[in-house]
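> What would the 3D arrangement of this be:
(chains A and B)
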Protein chains: 2
Amino acid sequence: MAGNPDKRVVEIYDTTLRDGTQAAGFVLSVDDKLKVAQRLDHLGVHYIEGGWPGSNPRDKQFFARAGELRLKTAKLVAFGSTHHANRRPENDQNLADLLGAGTDVVTMVGKTWDRHVTIQLGVPLERNLAMIADSVAYLSRHHIQVFFDAEHFFDGLKHNREYTLACLKAAAEGGAKCLVLCDTNGGSLPGQVAEATRLVRQTLPGLAVGVHTHNDAELAVANSLAAVEAGASQVQGTINGVGERCGNANLCSIVAALELKMGLRALPEGRLPLLTDTARFVLELANQQPRPFAPYVGRAAFGHKGGLHISAVEKDPALYEHVSPEAVGNDRRYLISDLAGKAAILRKARDMGLDLADNDPALGRMLEELKAQENKGYVYEAAEASFELLINRVLGREKTYFQLMDFRVHTHKEANNILGCKAPGPVSEATVMVLVDGRVRHTAAVGNGPVNALDRAMRKALLGFYPQLAEMQLVDYKVRVLSSADGTAARVRVLIESSDGRSRWGTVGVSFDVLEASWQALSESIQYKLQQDETS
Amino acid sequence: MAGNPDKRVVEIYDTTLRDGTQAAGFVLSVDDKLKVAQRLDHLGVHYIEGGWPGSNPRDKQFFARAGELRLKTAKLVAFGSTHHANRRPENDQNLADLLGAGTDVVTMVGKTWDRHVTIQLGVPLERNLAMIADSVAYLSRHHIQVFFDAEHFFDGLKHNREYTLACLKAAAEGGAKCLVLCDTNGGSLPGQVAEATRLVRQTLPGLAVGVHTHNDAELAVANSLAAVEAGASQVQGTINGVGERCGNANLCSIVAALELKMGLRALPEGRLPLLTDTARFVLELANQQPRPFAPYVGRAAFGHKGGLHISAVEKDPALYEHVSPEAVGNDRRYLISDLAGKAAILRKARDMGLDLADNDPALGRMLEELKAQENKGYVYEAAEASFELLINRVLGREKTYFQLMDFRVHTHKEANNILGCKAPGPVSEATVMVLVDGRVRHTAAVGNGPVNALDRAMRKALLGFYPQLAEMQLVDYKVRVLSSADGTAARVRVLIESSDGRSRWGTVGVSFDVLEASWQALSESIQYKLQQDETS
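You can find the predicted model right below:
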């Protein structure tokens, strides 16, 4: 591990592949898990907990295929619990599966809250102590380095301090190399975590201490950092903070704080800028919605709004940024809104590769056009593709790939009762007439609802001219009513997000008619795609 | 304010309506803001920051209409900055607008980081001190209680401790009643916040201290609590933590921690169980995606998975819950065998005046129907009228006022270019066939867009039978796409709010077709109105 040798190192232990997959809706296949492990190694974490081989076949398969990985920095870890109360270590299937995983390191979880031992496990308190010591000792004898996850440690300490500490001592006697204090229910406060960490360090000096927290009180990051300040040398968490209920401790925020704010070393030199890509990769792979507001790695994390504010950031970014976006591999963004001034537009135009001077007169026209559009209800914060088309329009650089001549959409709904039998759902049909290069294409399609019918008819009409539209698809569609006072006659804004597998872009449409607004956003999305393909 | 008089009170200052609306995509109309203010008062916060009257017409209009509010607990606050460097307080428009807002309390923001004063404001450091003192003093002379928001306080303290403290002293000399320490860039650590808070308390004893944090380091909640532990008596934040970049401090998590974990008083006795409803109401109103993983108030916050785990919770919820879900108005959810919800339904049924026993067998049927509907995408948090109709259906108490036989909607859009002249906007026409008391009414209407045409045709068909529908109108209409993966073919949920001048009610419809979903919500809205008129 490179880096400043004077800096204290905090070990980063990732459990995205095990505890993270307890989150509702966060599902990874074995292939996905292998890909994530490879990325985590590239990021430079110290430990990757791959799964619980004794609990399900998928995790067992992951360890069987772990040889495919080329890990350079990280060590793979298998997770499991202490042996069954009615077994001995030698004939416990769970421990056999842990040995079978073939890792050099195992994390062994054991109960340390007396109430859990009595109520959930249903074994005498003494028996639990023996289970901890014997399980750890058994693996240690097989030359495995054992970390002990002290389940419900902080709650246990509150209710029966002596017993909880006795559990840690049992693990230490068994040969555990690190005692990991778990806030399993996620309700502890930073002061409590710091105090408990200090207590363990005093009670069992010489043993490494780790921390594993959950975010039920929105304090998982703070609790992890409090433990480190109190002497913990290992932090367990997940990428993006995924996990059961409110999630695990978010390693993205923890790693950034340790390195950028606390003067500690968490990753090998030069790896921190991989953080944002790693975080987004994991979300994409698990098909999760992006989290724009995520600290450090979200798209909005370094977003600036408002003219004065933007001009200040241009002069000196530290005025409005707690860390530099480059440090964590993120980008500064200027939100395009009517509060934004010319600086934001200039910045955006330059991102598009346009060579504009600071005082280019076109900037004024762009700002005017932007304000006029925003008055009508258009917003460009989530519709950057529409904004680029706007800039091109103002500069007279737009290219027309197709023109609408006419569309009609018809929806018919019959109720069940008309003939006394169950009627089919509503049927929507759209007809579209478009002009491309002087040729008219007139076609029709049905769809699931009127907007979908219109979308399908449009693509059908254009696909003959532009076959590359086949690779494009809508990934998100949102409708918002702008003025609530007029009920269903109010204007609506449609926001669309499209993807062609390589990139994603947003477009916007506004009308009193949801179909016309959808048409606009769909058209601009296609227009943008065709233009991008031509210039790239 | 009721409650245990021995408990120290921490004042809750909500800035959802001002700083919260800086978040990308979080937009509230004046009507929305009035509704949120009413709910915040009901929750029992101490202060509601309504907006910045000097910065935009919408906020000015909010204060002009604030008289419509019936606030019982909260005080309304206007927000603004110190006077312009080239003006005097008496002729500064921003200060005039603050007076014009007519609130008893004003929060005055001033720069306290020397670098900001020099670079962004471009005024000498001494001049900024005078601007702070004079602005606060000017408002104080008008019998306004002034809170001073010390912008970039923590960064300022790091770079030029003396100057930053001098800014606070200037505000104190001007007569400020509370010094609010702002972590504007959101990058501070809890230890730094605690130390700085103690420093201010020592330097300016006798003055109240507040804290205002942002979540850029995922520490906003921890930083707020650290300040309270160090003596701060006011916490500023937003519902759900909405705000610029990564958001403001999340008041939901802060209030719950203060009351349930720190033995302090933040809300009037008995109000904490309103927390979850308030949080969800604000999200719904702003048409934001739900946040299932949100601490305390998210749908997943008390979700339990797995048989063993669930039986343990059944034996003793504290085994796996850091606080009781009822304490914050949330529900325990069992992800496999759902037993949750009966209490909530019972509460709702009793709100409707139904006399049900705790073990009434109808509760089970209601829960089943509710779960079936929620599986289809219905939500009842903002559609209580639809929920009441659901309960009536289960109890066999529903009355049918009309039946749909058939509807058709047709939209036609012609482009400008077809005849070389400007074409009219799109035209929508709807035909509706309904059955009332054995009589068929078949009629047609045009409208501004397809949904409005359908709405008009429906009312036209029913008005002859139910003339009281003339006094009813739609006041809000919202559409959300439920599953974004399928683009325009996804299912949509329509939420409608209606009013008859005396009361307002919400209904919901779900379908893959926006028109069918709208029909459902419109029908239930009319159904509810007719039923209410009959029983009241």
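> Counting neighbours, what do you get for the nearest residue to residue A:265 once chain neighbours are set aside?
Setting aside the residues directly before and after it, residue A:265 is nearest to residue A:7 in space (CB to CB, 6 or more residues apart in numbering or on different chains), at 4.2 Å. C-beta coordinates here come from the backbone N, C-alpha and C atoms, glycine included. Taking other CB atoms under 10 Å in any protein chain shown as the neighbour definition, residue A:7 ends up with a count of 14.
> try residue A:428
Applying other CB under 10 Å, we find 27 other residues in the vicinity of residue A:428.
> Next: the one 5 residues further on.
As a burial measure, residue A:433 scores 19 neighbours (other CB under 10 Å).
> isn't there a strand covering it?
Yes. Counting by DSSP: H, G, I helix; E, B strand; the rest coil, residue A:433 falls inside a strand.
> my guess is it meets residue A:403, correct?
No. Because the distance of 9.8 Å does not satisfy CB atoms under 8 Å, residue A:433 is recorded as not touching residue A:403.
> Quick check: pLDDT value at residue A:486.
On the pLDDT scale, residue A:486 is placed at 54.
> ok, which stretches of the stretch 301-450 of chain A are helices?
Listed in chain order, the helices of the stretch 301-450 of chain A (DSSP state H, counting those that start in this stretch) span residues A:307-315, A:342-351, A:361-376, A:384-394, A:450-463.
> For those helices, could you give me a markdown table that also reports distance to residue A:506 and mean neighbour count?
As requested, the helices of the stretch 301-450 of chain A are arranged in a markdown table below (distance: least, CB to CB, whole Å; neighbours: other CB atoms under 10 Å in any protein chain shown):
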| stretch | distance to residue A:506 | mean neighbour count |
| --- | --- | --- |
| helix A:307-315 | 20 | 17 |
| helix A:342-351 | 14 | 20 |
| helix A:361-376 | 15 | 15 |
| helix A:384-394 | 6 | 21 |
| helix A:450-463 | 16 | 24 |
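> would a markdown table of these with mean pLDDT and distance to chain B be doable?
Putting those into a markdown table (pLDDT from 0 to 100; distance: least, CB to the nearest CB, whole Å) gives the following:
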| stretch | mean pLDDT | distance to chain B |
| --- | --- | --- |
| helix A:307-315 | 73 | 4 |
| helix A:342-351 | 78 | 13 |
| helix A:361-376 | 83 | 12 |
| helix A:384-394 | 90 | 12 |
| helix A:450-463 | 92 | 4 |
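> so residue A:443 touches residue A:461, yeah?
Yes. Using CB under 8 Å, residue A:443 is in contact with residue A:461, at 4.7 Å.
> how about the residue nearest to residue A:265, what does it touch?
Taking CB atoms under 8 Å, 6 or more residues apart in numbering or on different chains, we find residue A:7 in contact with A:263-265.
> Just give the closest residue to residue A:24, not the sequence neighbours.
Setting aside the residues directly before and after it, residue A:24 is nearest to residue B:300 in space (CB to CB, 6+ apart), at 5.6 Å.
> Domain parsing of chain A, as residue ranges.
Per the record's domain assignment (automatic domain parsing), chain A is made up of the domains A:11-285, A:303-372, A:403-535.
> and the longest one, how far from the chain's centre?
This means domain A:11-285. From the chain centre to the centre of domain A:11-285 is a distance of 20 Å (CA atoms, centre = their mean, to the nearest Å).
> I'd like the average pLDDT over stretch A:74-82.
The average pLDDT for stretch A:74-82 rounds to 97.
> picking up where we left off before, any chance of the domains of chain A in TSV, with distance to residue B:74 too?
Output for the domains of chain A, formatted as TSV (distance: least, CB to CB, whole Å):
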stretch	distance to residue B:74
domain A:11-285	23
domain A:303-372	27
domain A:403-535	24
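> Out of those domains, flag the one nearest residue B:149.
The minimum distance between residue B:149 and the domains of chain A falls on domain A:303-372, with 15.8 Å, by CB to CB.
> Which residues of the stretch 101-250 of chain A lie near chain B?
Contact residues of the stretch 101-250 of chain A with respect to chain B, defined by CB under 8 Å from any CB of the partner chain, are listed as A:115-116, A:119-120, A:184-191, A:215-219, A:221-222, A:225-226, A:229, A:244-247, A:250.
> Show me what the helix or strand of chain A with the lowest mean pLDDT is packed up against.
Every helix and strand in chain A was compared by mean pLDDT, DSSP states H and E; the lowest is helix A:307-315, with a mean of 73. Counting contacts by 3 or more CB pairs under 8 Å, 6 or more residues apart in numbering or on different chains; DSSP states H and E, the secondary-structure elements packed against helix A:307-315 are helix A:342-351.
> what comes into contact with the helix it packs on?
With contact meaning CB under 8 Å, 6+ apart, helix A:342-351 is reached by A:304, A:307, A:310-311, A:314, A:334-336, A:356, A:358, A:360, A:363-364, A:366-367, A:370, A:384, A:387-388, A:391.
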